[in-house]
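Peer 1: sharing a sequence plus its predicted fold:
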Amino acid sequence: MAAANQRVNTMKLHADKPTHLNVFTGYDRDFVSVNQQRHSGSLLVLPTSVEPWRPANFADLQEADFEALLAFQPEVVLLGTGSRLQFPHPRLSRSLAQAQIGVDAMDISALCRTFNILVAEDRRVLAAVLFD
């Protein structure tokens, strides 16, 4: 839970939210909210599902973590790297590049905004969320 003096970031990007699809509705350093439900720990967010993800943090990422994302057949993967932007070594996401699936690394704030926009555009987006 956020400390009493911290402000929790809430989001509203669209007047009409697709009620059957996932959107990020808030975030902070140690959690995200998807459709008003709070999640902490590494997770995968797709337009229609939310699942846990193996790596505990950015330093824990392995090639197999990215290879596992192929099963979801995303058009693009948004990699949320916590409160600051970090870029994974290209060898880690090689399997996605070979499948012509884009991978964009960004901080949690940018990930939430970008995911919501892409979901509203009916794109096959997958958000891979890591925390500090």
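Peer 2: Looks like it came in fine.
Peer 1: tally of neighbours for H89?
Peer 2: H89: 9 surrounding residues under other C-beta atoms under 10 Å. Quick note: C-beta positions are derived from backbone N, CA and C, even for glycine.
Peer 1: Three-state assignment for V103, please.
Peer 2: Look at V103: counting by DSSP: H, G, I helix; E, B strand; the rest coil, its state is strand.
Peer 1: how close does it sit to S40?
Peer 2: In this view, V103 and S40 are 23 Å apart by C-beta to C-beta, to the nearest Å.
Peer 1: what about the two, which has more around it?
Peer 2: Counted by other C-beta under 10 Å, V103 and S40 do not tie: V103 has more neighbours, with 20 against 12.
Peer 1: separation between the more buried one and L79?
Peer 2: V103 is 6 Å from L79, where distance means C-beta to C-beta.
Peer 1: find the residues that touch each one of those two.
Peer 2: Common contacts of V103 and L79 (C-beta atoms under 8 Å, 6 or more residues apart in numbering): P88.
Peer 1: all strands for this structure, in order.
Peer 2: Using DSSP state E, the strands assigned to the chain run over residues 9-10, 24-28, 31-34, 37-39, 43-46, 49-52, 76-81, 102-106, 125-130.
Peer 1: run through who's touching the fifth one.
Peer 2: Okay, so that is strand 43-46. For strand 43-46, using C-beta under 8 Å, 6+ apart, the contacting residues are 22, 24, 32, 34, 50-53, 69, 72, 74, 115, 125-129.
Peer 1: and the residues you listed, which are buried?
Peer 2: 22, 24, 32, 34, 50, 53, 69, 74, 115, 125-129 (16 or more other C-beta atoms under 10 Å).
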